[in-house]
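**Q** only geometry, no sequence info:
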């Protein structure tokens, strides 16, 4: 993987760049749709290509490990061959999912012991075997095993968790560097900064992660219950330490406003289930604000979803028609809503990139964050 930093905003830390992988180029800043089990729920890859204009998607190591399982994925030639996605792909390590199973897992120095949410069977994730698992999945960018503590965890727990993550990282790097990809394309290994909402821990973790000199770095353990202001404070602190010439990936964030504010703080890559999950449930994001498509007020509103006339799907669907689909519990509602929201997120980061290049990103961002937070 290569990263080229192309432009810097003069009034913020926003950047525009280009990531090059063996499966194609990614223009940053970028949003990555989440394809948990090898699919972005309810969305054809055709629509991801044509309407959403996705440049990279995610797969989830925990879910893919359990189902369809490594034997199937390896026989298929990896996830790209299995699902037919021909562009770049990123996989997380499964750590977040394992640690969200707080009643069904146990942490040890060796790794994380957990029970499957499918059948209760017992499994172990270690820093080494999650590398092996992600070799089998075959994503272009793979993540280190880490613990993601709650945003409400105390200092001592967060410190011990961070130190465990660092010890695991050393083992993961050693194993990654001593193994090879399986399918003829290169893979890149990202470590993850932890440390909760504590400045000294985040500083220590960012310095440790930067010292590992990997091709890119991730920021984890945010948007997990801490106040939004703390998230921004931690991102600004960490990005002041992580190297400028490598991409920065903020994991699991977030709302359109969160994304613009974190772009301004120097983040390059984002993922979140929010656009697809909220789209399935009738909350649509637009350039003018947020729509609840079940509201009575849209019953006879035949204007496009985005009042500026921007259509984020191939066909014109009015607010009235979409409301009808949601109220009728028609499957098409969830599909259109997901495509619309994902396409909006990709449009938003694309517009951010244009304004970074034009030199007026900060001014545009200040206008947009007020609009995007408005409930219409």
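**A** Ah, there it is. Remember, it's a predicted structure, so these values are computed and weren't measured experimentally.

**Q** pull out the buried residues from stretch 330-339.
**A** With burial defined by 16 or more other C-beta atoms under 10 Å, the residues of stretch 330-339 counted as buried are 333-339. No exception for glycine: its C-beta is placed from N, CA and C like everyone else's.

**Q** what of stretch 91-106?
**A** For stretch 91-106, the buried set under the neighbour-count rule, 16+ other C-beta under 10 Å, comprises 91-99, 105.

**Q** what does it contact?
**A** Where contact means C-beta atoms under 8 Å, 6 or more residues apart in numbering, the residues beyond stretch 91-106 that reach it are 58-65, 79, 112-115, 117, 125, 130, 133-134, 137, 139, 141-149, 220, 251-252.

**Q** those residues in strands, which ones?
**A** For the contacts of stretch 91-106, the ones inside strands are 58-60, 112-115, 125, 141-143, with DSSP state E as the criterion.

**Q** quick check: the farthest pair among those?
**A** Within the ones in strands among the contacts of stretch 91-106, two members stand farthest from each other by C-beta to C-beta: 115 and 141, at 28.3 Å.

**Q** these two - which one has more neighbours?
**A** Set residue 115 next to residue 141 and count neighbours by other C-beta atoms under 10 Å: residue 141 wins out with 27 against 16.

**Q** the residue nearest to residue 333 when sequence neighbours are not counted: what's it in contact with?
**A** Sequence neighbours aside, residue 325 is the residue nearest to residue 333 in space, at 3.6 Å (criterion: C-beta to C-beta, 6 or more residues apart in numbering). Applying C-beta under 8 Å, 6+ apart, one finds that residue 325 lies in contact with 332-333, 336.

**Q** in this structure, what secondary structure element scores lowest on mean pLDDT?
**A** The helix or strand of the chain with the lowest confidence, counting by mean pLDDT, DSSP states H and E, is helix 95-100 at a mean of 73.

**Q** please state the offset of that one from the chain centre?
**A** Helix 95-100 has its C-alpha centroid displaced from the chain centroid by 15 Å (C-alpha atoms, centre = their mean, to the nearest Å).

**Q** quick one: terminal-to-terminal distance for stretch 177-186?
**A** Between the opening and closing residues of stretch 177-186 we find a distance of 12 Å, counting by C-alpha to C-alpha, to the nearest Å.

**Q** can you give me the offset of it from its chain's centre?
**A** Stretch 177-186 has its average C-alpha position 23 Å from the chain's average C-alpha position, going by C-alpha atoms, centre = their mean.

**Q** touching it from outside, list them.
**A** Outside of stretch 177-186, the residues that reach it under the criterion C-beta under 8 Å, 6+ apart are 1, 21-23, 74, 77-78, 80-81, 131-132, 135-136, 138, 140, 187.
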